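Trainee: dropping the sequence and predicted coords here.
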Amino acid sequence: MTTWTADPHPGENRLAASAAVAVMIAAQVALSEELTFQPWWLLPGVECVLLVALFAANPTRFTRESKMIRTASLGLIGVASLITAWAAGRLVWMIATGHAPADPPVLLLNGAGVWVTNVVVFALWFWELDRGGPAARSKARCPDPDFLFPQMATPNVARKGWHPQFLDYLYVSFTNAAAFSPTDTMPLSRWAKFLMMGQSAVSLITAALVVARAVNILR
């Protein structure tokens, strides 16, 4: 029986991850003023600075490793998580207390913005923490996976040398947020299970309250 093994491979291209971060920052900036920290530009500005610094460290592929790079990467995701948690919490509170926007399109756009940032933030967490992050995975330093992708379970149907990249983690995050549970990729480590559980809870609460409020307004 063929088994999947974590082998060294060329570092992952940074384009997909950087594009996702840019979309996430744009979604954060587009949120209503009531859902953002003030001044509104402060935390997105911190994210942009960290993104530029990380781009300078690994301009094309994720190959270099250092404590500083790791700290900056986790810091970027941490700031993004703070923005998402604040926006989701504020949106839920406003809906629950009757202070949400009375205009359905505005409410739905804010809900969509929170949902999109939720998807990207957790995709970044999955991607950055699985087996030590993209640079560590390229060197196969941590062979035990935190996520079991289909290609790992059935390597005979995967192309030779396959390894997960950011878009794979983005898909895992999207399906977990949409289905409120894992779909084709299973979490193996406890932290992965905890993160997926938290993401599903945020997605479910946000989507349910936003849709219910919008339907109530339309009536």
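Mentor: Looks like it came in fine.

Trainee: run through who's touching stretch 92-99.
Mentor: Residues outside stretch 92-99 that contact it (Cβ atoms under 8 Å, 6 or more residues apart in numbering): Glu34, Ala100, Ile205, Thr206, Leu209, Val210, Arg213. Backbone N, C-alpha and C define where each C-beta goes, glycine included.

Trainee: tell me how far the strand or helix carrying the fourth one lies from the chain's centre.
Mentor: This means Thr206. Thr206 is part of helix 190-218 when elements are defined by DSSP states H and E. Offset of helix 190-218 from its chain centre (Cα atoms, centre = their mean, to the nearest Å): 15 Å.

Trainee: packing partners of it?
Mentor: For helix 190-218, the contact count by 3 or more Cβ pairs under 8 Å, 6 or more residues apart in numbering; DSSP states H and E identifies helix 67-96, helix 104-129, helix 166-179, strand 186-187 as packing neighbours.

Trainee: any idea which of these is most buried?
Mentor: Of all the helices and strands packed on helix 190-218, helix 104-129 has the most neighbours on average by mean count of other Cβ atoms under 10 Å, namely a mean of 22.

Trainee: helix or strand right after that helix?
Mentor: For helix 104-129, the following helix or strand on the C-terminal side (DSSP H and E) is helix 134-138.

Trainee: contacts for the next helix or strand after that following helix next, please.
Mentor: On the C-terminal side of helix 134-138, the nearest following helix or strand under DSSP H and E is strand 147-148. By Cβ under 8 Å, 6+ apart, the surrounding residues in contact with strand 147-148 are Phe126, Asp130, Pro164, Tyr169, Val172, Thr185, Met186, Pro187, Leu188, Ala192.

Trainee: now distance to Thr117 and pLDDT too, for those residues, in a markdown table please.
Mentor: Output for the contacts of strand 147-148, formatted as a markdown table (distance: Cβ to Cβ, whole Å; pLDDT from 0 to 100):
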| residue | distance to Thr117 | pLDDT |
| --- | --- | --- |
| Phe126 | 15 | 98 |
| Asp130 | 20 | 95 |
| Pro164 | 22 | 93 |
| Tyr169 | 15 | 98 |
| Val172 | 16 | 98 |
| Thr185 | 21 | 94 |
| Met186 | 25 | 95 |
| Pro187 | 21 | 96 |
| Leu188 | 26 | 94 |
| Ala192 | 20 | 96 |
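
Trainee: which among these gets closest to Thr5?
Mentor: Using Cβ to Cβ, Pro164 comes nearest to Thr5 of those, at 13.6 Å.

Trainee: using the three-state scheme, assign the closest one.
Mentor: Using DSSP: H, G, I helix; E, B strand; the rest coil, the structure places Pro164 in coil.
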